[in-house]
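J.: mind looking at a prediction? Sequence and model below.
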Amino acid sequence: MDMIIKNGTVVNGSATFKADVGISGGKIVCIADSIEPNDCQSIVDASGKLVLPGAIDAHTHLAMPFGGTVSSDDYFAGTRAAACGGTTMVFDFALQDFGEKMTDTVKRRDALCAPDAAVDYSFHVAVKDVDNGLLDSIDECVEYGVPSFKVFMVYDFGVTDGVFYRVLQKAKEVGALIGVHAENNELVNTLTKQYLSEGKTSAWYHYMSRPEFVEGEADERAIQWAKATGAPLYIVHLANKQGVEAVTKAKDEGYEIYAETCPQYLEFTSDVYKREDGRNFVCSPPMKGAESQAAIWEAIKRGDIDTIATDHCPFQSAEKDWGINDFTKIPNGCAGIENMYPYMLSAANSGKITFEQAVKLCSENPAKIFGCKDKGSVAIGKDADIVIYDPDLDFTITNDKMHSDCDHTIWEGVKLHGYPVQTYSRGRLVYDKGEFLGERGWGKFVKCSLK
Ligand code: URP
Ligand code: ZN
Ligand code: ZN
């Protein structure tokens, strides 16, 4: 055996037990009350610590051209930060070019990612163009190992309801999963024009032009199309109460509707847009009011939110400043890739949810929903993507302790109870007590299958 993690408490999505974990060739090969060291290369003492599966961040935008610039974490910086926050796999969005086959989109992004990624990765294809036979290129992409796609209902590359419907029909036919960014584009544009014409230009009006009902209506509409086509649907970054209620109802009716939310919606409310640095929090959908935040937490507790992901899409302060006098010029997106697992585990450590729930939301469920068979739990045969977590190590987030390339973080000053002390990616130590020890190019493309 290459390594034994001894004396720790293993936490999976539905079980917690004391055990030693044996690793060989990057895989978990043995789990037992006690494993004899014999000729083992390395022993890690995890007494008093939790031994967890690495998190899977199912929603990142690394090196993404967006908002007149490119998000500030490239594949190396983003995955380096991921590793240091206990995330051992990311799903990045590969934006289809007009006229491009989906598999070509994946290959184009993979060529950028492969030399740089420090942890394992896969993609969802963000669909822009389904004309001239491109809808059928979804079939080939599913076979290639990328069976998940996303449509945007907003932005200049958002799709019409008709295109969304056709993508869902295709997904139903070939067994793909469609994610959706749900906001009502018409209303966003209308409200934005109204506020700008009234000289209301601060970051607060980013929220006011995308209030609760703008997202809630679109969630309901998206669920309606999923029901009509019989296709499963994954709602990304769900941030409002009306949408939560629609998801709960659809699940109760037996539809395969998944919901993802992000830590920023759990920690911050729309009040942040009144702050001096409010523009740093501009993302879409925006943070909502306290009622929505409470509804999301309740949905997490009863299991109606399936995953937590970050929507990591940071921009430098100078780029955020483009919108000092016009909120529409602020590139949309915030950092979070290093904060997700520590934040959710801290919520567990403080008794808000259980550790098993945190692991289910951040690791087990994304692995299952997106079909990564080798990830998502500490179990024999799985990749040795493991986080050693110290429940007694308190941590205050400051940007100088983060490992991304962004010059600020919306998480500045947030206090966490407990923190990851080590991260292993396929058995290799990539993070140790504050220090990144991984390497550029270590991360591998993971082919996924929903069959
Ligand atoms: O503001 C955000 N969320 N930026 C990234 C793109 C998206 O909408 O997911
Ligand atoms: Zn989005
Ligand atoms: Zn996103």
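T.: Happy to help now that I have it. Ligands and ions are numbered 1, 2, ... in the order given.
J.: find the closest residue to ligand 1 in the stretch 101-250 of the chain.
T.: Shortest the stretch 101-250 of the chain-to-ligand 1 distance, computed as Cβ to the nearest ligand atom: residue-wise this is H181, at 5.0 Å. Just so you know, the C-beta spots here come from the backbone N, C-alpha and C atoms, and that holds for glycine as well.
J.: which strand residues bridge that residue?
T.: F152 (DSSP bridges).
J.: next, find the distance separating it from V151.
T.: Counting by Cβ to Cβ, to the nearest Å, the separation of H181 from V151 is 7 Å.
J.: anything in contact with each of those two?
T.: With contacts defined as Cβ atoms under 8 Å, 6 or more residues apart in numbering, the residues adjacent to both H181 and V151 are G158.
J.: show me what contacts the residue of the stretch 101-250 of the chain closest to ligand 1?
T.: With contacts defined as Cβ under 8 Å, 6+ apart, H181 is in contact with K150, V151, F152, M153, V154, G158, V236, H237, S284.
J.: go on, F93?
T.: Remark: with contacts taken as Cβ under 8 Å, 6+ apart, F93 is in contact with H59, T60, H61, M64, F123, H124, V125, A126, K150.
J.: repeat that with 7 Å
T.: Contacts here follow Cβ atoms under 7 Å, 6 or more residues apart in numbering; on that basis F93 touches H61, M64, H124, A126, K150.
J.: TSV please, covering these and showing secondary structure.
T.: Shown next, in TSV, are the contacts of F93 (DSSP: H, G, I helix; E, B strand; the rest coil):
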residue	secondary structure
H61	coil
M64	coil
H124	strand
A126	strand
K150	strand
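J.: filter those residues by proximity to ligand 1?
T.: When the contacts of F93 are filtered against ligand 1 using Cβ under 6 Å from any ligand atom, the residues retained are H61.
J.: of the contacts of F93, which is the most crowded?
T.: Across the contacts of F93, the neighbour count under other Cβ atoms under 10 Å reaches its highest value at H124, namely 25 neighbours.
J.: what bridges to that residue?
T.: With DSSP bridges applied, H124 shows beta-bridge pairing to F93.
J.: correct me, but it touches F91?
T.: Yes. Under the criterion of Cβ atoms under 7 Å, H124 makes contact with F91 at 5.7 Å.
J.: tell me how far the residue of the stretch 101-250 of the chain closest to ligand 1 lies from K227.
T.: Computed with Cβ to Cβ, the distance linking H181 and K227 is 19 Å.
J.: same question for D321.
T.: For D321, the distance to K227 - Cβ to Cβ - is 43 Å.
J.: same check, this time on P366
T.: Plainly put, P366 is 24 Å away from K227 if you go by Cβ to Cβ.
J.: quick one, which of these two is more surrounded?
T.: For P366 against K227, the residue with the higher neighbour count under other Cβ under 10 Å is P366, and the figures read 26 against 15.
J.: let me know the helix or strand that that one is in.
T.: In this structure, P366 sits in helix 365-369 according to DSSP states H and E.
J.: which residues touch that helix?
T.: Helix 365-369 is touched from outside by I56, A58, Y234, Y258, D306, T307, K375, G376, with contacts defined as Cβ under 7 Å, 6+ apart.
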